[in-house]
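Whatever this is, show me its structure:
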Amino acid sequence: MIVEHAALRVTPGRERDFEAAMGGALVIIESAPGCHGAEVRAQLEDPSNYLLLVRWESLQAHGDFRASALYQQWRSLTHHFYVEPPEVRHYDEPLAR
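Okay, here's the model as predicted:
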C-alpha cells in the first residue's frame with residue numbers, strides 16, 4: 001500500500017465552502033477501486049492550507065483513478081478552490097523498525 005500526500009492551498013476566505021465540498025469529494029475518492037481511505041486536515045498555522053492523505057493499493061490504482069470519470073467528479077468539486085495546482089507526492093510502505 002502507498003500513501004498519496006497532496007498539499008492543497010485554498011483561496012483565503014473560501015475555506016468553509018471548500019470543506020463542505022470536500023465532504024462529498026471524499027465519498028467519491030473512497031469509492032475508487034484500490035482506495036483504502038482518505039482524509040483531509042487543515043493546517044493549524046494557516047487554515048487556508050490543507051493536507052490530503054489517501055491510501056492506495058498501488059501507484060497504478062491512483063493512476064487509474066486519475067484516468068476515470070470518478071476523478072472528473074472529484075476535480076469538479078475541489079479544484080476551483082485551489083490557488084495553485086496541488087503538490088502531489090507518493091510514499092512507499094513504512095520503514096522497518
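
Distance of the closest residue in space to residue 43 that isn't next to it in sequence relative to residue 31?
Once flanking residues are discounted, residue 43 sits nearest to residue 49: 4.0 Å by C-beta to C-beta, 6 or more residues apart in numbering. Every C-beta, even on glycine, is put in place using the N, C-alpha and C of the backbone. Counting by C-beta to C-beta, to the nearest Å, the gap from residue 49 to residue 31 is 26 Å.

neighbour count winner among those two?
Using other C-beta atoms under 10 Å as the criterion, residue 49 and residue 31 rank with residue 49 on top: 16 against 11.

and residue 54, what does it touch?
Under the criterion of C-beta atoms under 8 Å, 6 or more residues apart in numbering, the neighbours of residue 54 are 3-4, 6, 29, 35, 37-38, 62.

Which members of those residues come out as buried by neighbour count?
For these, a burial check counting by 16 or more other C-beta atoms under 10 Å picks out 4, 6, 29, 35, 38, 62.

Among those, which lie within strands?
Among the buried ones among the contacts of residue 54, the members falling in strands (DSSP state E) are 4, 6, 35, 38.

Take those residues and lay them out in JSON lines including distance to residue 86 and pLDDT.
Output for these, formatted as JSON lines (distance: C-beta to C-beta, whole Å; pLDDT from 0 to 100):
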{"residue": "4", "distance to residue 86": "10", "pLDDT": "98"}
{"residue": "6", "distance to residue 86": "5", "pLDDT": "98"}
{"residue": "35", "distance to residue 86": "17", "pLDDT": "98"}
{"residue": "38", "distance to residue 86": "13", "pLDDT": "98"}
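
any chance you could map the strands in the protein?
2-9, 35-42, 49-56, 87-91.

Report how many residues lie close to residue 90.
Residue 90: 14 surrounding residues under other C-beta under 10 Å.

same question, the one 5 residues further on
Using other C-beta under 10 Å, residue 95 has 5 neighbouring residues.

Of the ones in strands among the buried ones among the contacts of residue 54, which is the nearest to residue 79?
Nearest to residue 79 among these is residue 6, at 11.5 Å by C-beta to C-beta.
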